[in-house]
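A.B. asks: one predicted model, sequence on top.
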Amino acid sequence: MAVELQYGVSTWLWKSPFTTDSISLFPKIKAMGYDVVEIPVEDPDLIDGTIVKKALEDNGLTPTVCGVFGPTKDFTSDDVSLHKNCFRYIEKSFELCALLDADFLAGPMYSAVGKARMVSEEQRKIEWELAVSNLFKVCEMANDFGQSIALEPLNRFESDLVNTAEDVMHLVSDINHKNAKVILDGFHMTIEEKNIREAINLVGNKLIHVQVSENHRGIPGTGLTPWSDFKFGLEDINYIGAMVIESFTPEIKELAGAVCIWKNLANSQDEFASEGLQFLKKTFNS
């Protein structure tokens with residue numbers, strides 16, 4: 001039986017950072033056939049949530065929101081000021097989620113993206129416990145906003161803390177809070193998982209969001225991703241939610257450099273979004 005999916009696309013495919021003016025993308029995204037638009041929040045102060053909400057309603061789009069966690073927002077740091085900065089950022093992001101009627105904030109909020117080092121088991125334990133205790137506080141904060149958090153495993157080049165479905169379920173178990181959930185991203189999974197179907201089954205009903213691109217960050221269907229395993233895994237757990245294409249434009253040099261995209265992955269970003277959606281609908285609706 002086909003899974004019931006809403007298909008979405010991240011505005012990162014065209015622009016960074018997301019600002020109030022980025023709502024100019026919404027009519028195009030809707031016209032392509034998308035149900036969902038993913039809003040990456042690099043700086044909450046650049047986004048007027050009231051204007052964005054009206055634009056979403058005008059274009060018949062549902063929002064999902066993902067957080068961005070660079071070196072100034074690191075719950076595993078020994079610098080407590082970075083924890084405080086992260087809490088402030090997450091609180092503002094929850095406020096936006098609540099205003100937009102989004103149910104969760106997604107992302108790798110356990111640590112700073114790009115923090116990938118060889119450290120001792122003792123240091124790893126210290127950082128893990130910092131992540132657990134801080135994320136429990138985030139889950140309590142989420143409660144006040146009627147939100148959940150969706151924790152995202154990253155590949156080994158972007159994180160040394162949480163890389164696999166097994167890792168993220170260990171983290172969710174240690175946090176031990178009803179608002180701690182999971183997002184899985186097919187790009188990272190093709191690097192880190194032994195079997196995508198088994199990984200999805202391991203997460204089970206904790207999975208509330210899915211992101212996809214190809215193993216090379218390109219258009220879904222043009223690479224090595226085992227899409228049938230992805231489909232069967234989602235069917236196994238009766239996943240009902242969004243599947244969002246997340247990739248990035250090489251035109252924004254800072255963003256492209258951060259995710260190591262050195263060349264165009266399609267003839268145009270519009271082609272990327274349109275062909276990717278057609279492939280996903282053909283694959284997952286059958």
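C.D. replies: All right, it came through fine. Numbering: from 1, shown residues only.
A.B. asks: what's the pLDDT at residue 253?
C.D. replies: Residue 253 carries a pLDDT value of 77.
A.B. asks: nope, residue 262 is what I was after
C.D. replies: According to the model, residue 262 scores 82 on pLDDT.
A.B. asks: got it, and the one 5 residues further on?
C.D. replies: In this prediction, residue 267 carries a pLDDT score of 94.
A.B. asks: pull the number of nearby residues for it.
C.D. replies: 9 (other Cβ atoms under 10 Å). Quick note: C-beta positions are derived from backbone N, CA and C, even for glycine.
A.B. asks: now do the same for it: helix, strand or coil?
C.D. replies: Here residue 267 takes the coil state, with states given by DSSP: H, G, I helix; E, B strand; the rest coil.
A.B. asks: list phi and psi for it.
C.D. replies: phi -60, psi -30 (degrees, to the nearest 10).
A.B. asks: over to residue 266?
C.D. replies: phi -160, psi 170.
A.B. asks: so which helix or strand takes in the nearest residue to it once chain neighbours are set aside?
C.D. replies: With sequence-adjacent residues excluded and distances taken as Cβ to Cβ, 6 or more residues apart in numbering, residue 266 is closest to residue 272, at 3.9 Å. Using DSSP states H and E, residue 272 sits in helix 269-284.
A.B. asks: got a list of contacts for that helix?
C.D. replies: 2-3, 5, 7, 9, 13-14, 28-29, 32-34, 212-213, 218-221, 227, 231, 234, 243, 245, 247, 249, 265-266 (Cβ atoms under 8 Å, 6 or more residues apart in numbering).
A.B. asks: and if we set it to 6 Å?
C.D. replies: 3, 5, 7, 9, 13-14, 32-33, 219-221, 227, 231, 245, 249, 266 (Cβ atoms under 6 Å, 6 or more residues apart in numbering).
A.B. asks: which of those residues sit farthest apart?
C.D. replies: Pairwise distances across the contacts of helix 269-284 (Cβ to Cβ) peak at 28.7 Å, for the pair 3 and 249.
A.B. asks: what residues of the lowest-mean-pLDDT helix or strand in the chain count as buried?
C.D. replies: The helix or strand of the chain with the poorest confidence is helix 253-258; it has a mean of 75 (mean pLDDT, DSSP states H and E). By neighbour count on 16 or more other Cβ atoms under 10 Å, the buried set for helix 253-258 is 255, 256, 258.
A.B. asks: with stretch 81-100 instead?
C.D. replies: Result for stretch 81-100 [16+ other Cβ under 10 Å]: buried residues 82-83, 86-87, 89-90, 92-94, 96-100.
A.B. asks: next step: the residues you listed restricted to helices.
C.D. replies: Among the buried residues of stretch 81-100, the members falling in helices are 82-83, 86-87, 89-90, 92-94, 96-100 (criterion: DSSP state H).
A.B. asks: hey, where'd the helices end up in the stretch 51-200 of the chain?
C.D. replies: Taking DSSP state H, counting those that start in this stretch as the criterion, the stretch 51-200 of the chain carries its helices at 80-100, 121-145, 165-175, 186-192, 196-203.
A.B. asks: need the ones you listed in a markdown table with mean pLDDT and distance to residue 109, can you?
C.D. replies: A markdown table is the format used below for those (pLDDT from 0 to 100; distance: least, Cβ to Cβ, whole Å):
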| stretch | mean pLDDT | distance to residue 109 |
| --- | --- | --- |
| helix 80-100 | 98 | 7 |
| helix 121-145 | 98 | 7 |
| helix 165-175 | 98 | 11 |
| helix 186-192 | 98 | 15 |
| helix 196-203 | 98 | 17 |
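A.B. asks: so which of those helices comes closest to residue 238?
C.D. replies: Nearest of the helices of the stretch 51-200 of the chain (Cβ to Cβ): helix 196-203, 11.2 Å.
A.B. asks: now the closest one: buried residues?
C.D. replies: 196, 197, 199, 200, 201, 202, 203.
A.B. asks: need the residues that contact the helix or strand residue 209 falls within.
C.D. replies: Per DSSP H and E, residue 209 falls inside strand 207-212. For strand 207-212, the external contacting residues (Cβ under 6 Å, 6+ apart) are 106, 150, 181-186, 220, 241, 243-246.
A.B. asks: check stretch 84-102 too.
C.D. replies: Counting by Cβ under 6 Å, 6+ apart, 41, 44, 49, 53, 63-65, 67, 72-73, 75, 105, 138, 145, 147 sit against stretch 84-102.
A.B. asks: in strands only, show me these.
C.D. replies: 41, 63, 64, 65, 67, 105 (DSSP state E).
A.B. asks: now render the helices of the stretch 51-200 of the chain as TSV, adding distance to residue 285.
C.D. replies: Below are those laid out as TSV (distance: least, Cβ to Cβ, whole Å):
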stretch	distance to residue 285
helix 80-100	27
helix 121-145	32
helix 165-175	25
helix 186-192	17
helix 196-203	18
